[in-house]
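> missing the sequence, but the structure's below:
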């Protein structure tokens, strides 16, 4: 089964030991945005590039990892 962007974001967030609120604060995004992504109310392909950049930066990962390019994840 292919992982959705929301599932990937939740997994990466948990891996970094962050709550949605903590990731929201670190990425300067509303917690509701993170919740909508994780619950697939916002599809990965519909996520704004700026949102993806903020999330990746806050998690200390590249956008490639957030996008699910497995060779980039460590």
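Yep, it's here. Keep in mind that this is a model prediction, so the values were computed, not measured.
> and the gap between the residue most central in space within the chain and residue 25?
For the chain, the residue nearest the mean C-alpha position is residue 9 (3.5 Å; Cα atoms, centre = their mean). Distance of residue 9 to residue 25, given as Cβ to Cβ, to the nearest Å: 16 Å. In this view, the C-beta of every residue, glycine as well, is placed from N, C-alpha and C.
> For the least confident helix or strand in the chain by mean pLDDT, which helices and strands make contact with it?
Across the helices and strands of the chain, mean confidence by mean pLDDT, DSSP states H and E is lowest for helix 63-67: a mean of 89. When contacts are defined as 3 or more Cβ pairs under 8 Å, 6 or more residues apart in numbering; DSSP states H and E, helix 63-67 packs onto helix 5-15, helix 49-59.
> Would you mind giving these as a markdown table with mean pLDDT and distance to residue 36 added?
Converted to a markdown table, these look like this (pLDDT from 0 to 100; distance: least, Cβ to Cβ, whole Å):
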| stretch | mean pLDDT | distance to residue 36 |
| --- | --- | --- |
| helix 5-15 | 93 | 8 |
| helix 49-59 | 95 | 10 |
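> Throw those helices into CSV and include distance to residue 33, thanks.
Listed next are those as CSV, based on distance: least, Cβ to Cβ, whole Å:
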stretch, distance to residue 33
helix 5-15, 11
helix 49-59, 7
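> That concludes my questions; thank you for your assistance.
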